[in-house]
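*Asks:* Any chance you could fold what I've pasted below:
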Amino acid sequence: SERSDEDRFLRADVAPVIARSFCEDAAGGAAVVITQGFIASTADEGETCLLGRGGSDTSGGLFACMLRAARLEIWTDVHGMFSADPRQVSAA
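*Replies:* Got it, this is the predicted structure:
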């Protein structure tokens, strides 16, 4: 069935294209890469769309995979920055 605009632009399916040279060019040789997540483009016309819930984490995983990153850190749902996991260390 035909997908509505909401389906097309708010809940995209991820079909990654591994373009390592593009990722390396975008990273510019940096040791640390910080980028936005959650946005993508439609496969058919390349229009901007949103990945939906969890889209930023998905984006991070895709970037890390394409760049063959040694490490991926996802900091989410925290109030500020802590020195440790506050669920484990009360003085964090």
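
*Asks:* What helix or strand is Cys23 located in?
*Replies:* Using DSSP states H and E, Cys23 maps to helix 20-27.

*Asks:* for Ala40, same thing?
*Replies:* strand 39-41.

*Asks:* angle of the longest helix seen in the chain against helix 20-27?
*Replies:* What stands out as the longest helix in the chain, according to DSSP state H, is helix 55-66. Taking axes from the mean of the first three to the mean of the last three C-alpha atoms, to 10 degrees, one finds helix 55-66 and helix 20-27 inclined to each other by 110 degrees.

*Asks:* Show residues contacting helix 55-66.
*Replies:* For helix 55-66, contacts defined as C-beta atoms under 8 Å, 6 or more residues apart in numbering pick out 14, 16, 18-20, 23, 33, 35-40, 51, 69, 71-72, 74, 76. Every C-beta, even on glycine, is put in place using the N, C-alpha and C of the backbone.

*Asks:* let's see it at 7 Å
*Replies:* 14, 16, 18, 20, 23, 33, 35, 37-38, 51, 72, 74, 76 (C-beta atoms under 7 Å, 6 or more residues apart in numbering).

*Asks:* Where in this structure is the helix or strand with the lowest mean pLDDT?
*Replies:* In the chain, no helix or strand scores lower on mean pLDDT, DSSP states H and E than helix 5-10, which sits at a mean of 64.
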